[in-house]
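[1] Sequence and predicted structure, then a few things I'm wondering about:
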Amino acid sequence: MGLQDLPIAINGYLGDALIQWEDTIFKLESLYDSNHMGNIMVPTKKIMSATHIKVLSSHFKNIWIFFAITGLDELHKGSLKDYEKSYLQLCDHFKNVVCAIRPIIPGKNDKIEIIEPILKMVNHGNKLLMVGGYKDIYDKLLPQYRNETLFEYMRNYCLENGIKFKEKCIDIISDATNKEYLVSEVSQQNLKMASSLGYKFEQINNSIIPLDNYNGCLTKGDLNFVKLITHGKVTAASYLNSQVISVKIRPGINLVCSSSWFHWAKQTSCPVKCFYCFADYKSLIRTELEEFGCNPAILIN
């Protein structure tokens, strides 16, 4: 438990797992060789080829595929029919394929006529859908954009057609597996693991309150990391109030942890260059420039 069952996203934060194919396969092999038990997510905007699907389904059958389809054709590589063909092939080979419509951007893809064909596609697949609004990368105070009329339409469509509709990765995984992530009683083993990584905290019932870390400055990433390790409810009296989700537990190891995933990524200049990308160097969200994350097994020693 603890680090061994961390949910891990491969080359997904500020990147694309298929564009970085060889590095993605290297990371997957490393996790499987170390008997990692947690959910592993392979995210992409690319249309998967038969070769991609064969390699992944032959060796890494239990991974989660997050297929981002926004209706914006960011890659300029194909029509929705091409995406649908790839999506349905993925659903034939993998149990856990999530269509991710995000971000939904005002004036771009926040229209029913753009989203409805994607909903129909998901209805023909394995019926797992995640959506999310656009977040202004230069204003941390603004919430995610939400077109409530559109969200209500999507929610009703999914309810009528038996599609699991969620706005967070952890929620859709919990729903699809019928397994709640937060537990009623945090194990002492997991608390000991968090402590061994340099975190000092108080525990009140099932709530964990981090007080400090190795770096002397708690970030949102630290709170996410402790939550994913312990499976408990994590709050903090004081932390760096920004979008920064980097984690420092010892010198020389750069880690990043969002609210749903521990990220292991090798970032090069992304060739997609989506106009809405938060990987801009001036972004309040960008945390690392090159490479971050690791196989969690190396953090145990």
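    Sure thing, it's come through. Keep in mind that this is a model prediction, so the values were computed, not measured.
[2] Find me the pLDDT at residue 37, would you?
    What the model reports as pLDDT for residue 37 is 92.
[3] That one: neighbour count?
    Counted with other Cβ atoms under 10 Å, the neighbours of residue 37 add up to 12. In this view, the C-beta of every residue, glycine as well, is placed from N, C-alpha and C.
[4] ok, it to residue 195 distance?
    Residue 37 sits at a distance of 21 Å from residue 195 (criterion: Cβ to Cβ, to the nearest Å).
[5] again with residue 228
    15 Å.
[6] what's residue 216 sitting at in phi/psi?
    Main-chain dihedrals, residue 216, degrees, to the nearest 10: phi 80, psi 10.
[7] Each with direction, which strands does the worst-scoring helix or strand of the chain on mean pLDDT pair with?
    Ranking every helix and strand in the chain by mean pLDDT, DSSP states H and E puts strand 291-292 at the bottom, with a mean of 83. Here strand 291-292 is paired, per DSSP bridges, with strand 262-266 (antiparallel).
[8] mean confidence for the partner strand?
    88.
[9] could you dump it to CSV, C-alpha only?
    Extracted C-alpha coordinates of strand 262-266, given in CSV (Å, rounded to 0.1, in the frame of the first residue of the first chain):
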residue,chain,number,x,y,z
PHE,A,262,1.3,11.1,-9.5
HIS,A,263,2.9,12.3,-12.7
TRP,A,264,5.9,10.6,-14.4
ALA,A,265,6.9,12.5,-17.5
LYS,A,266,9.7,13.5,-19.7
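[10] about what we covered before: what distance separates the least confident helix or strand of the chain from the middle of the whole chain?
    Here strand 291-292 is found 16 Å from its chain centre; the criterion is Cα atoms, centre = their mean, to the nearest Å.
[11] got it, and stretch 207-223?
    Averaging C-alpha positions (Cα atoms, centre = their mean) puts stretch 207-223 21 Å from its chain's average.
[12] Give me the contacts around it.
    186, 191, 194, 197-203, 226-227, 230, 232-240, 242-250, 255-258, 287 (Cβ atoms under 8 Å, 6 or more residues apart in numbering).
[13] Next: stretch 142-153.
    Taking Cβ under 8 Å, 6+ apart as the rule, stretch 142-153 contacts 103-106, 110-112, 115, 131-136.
[14] Please give the element, helix or strand, for residue 225.
    Residue 225 belongs to helix 220-230 when assigned by DSSP states H and E.
[15] What segments of the protein are helices?
    Using DSSP state H, the helices of the chain run over 21-33, 50-59, 80-93, 112-124, 148-161, 169-177, 188-196, 220-230.
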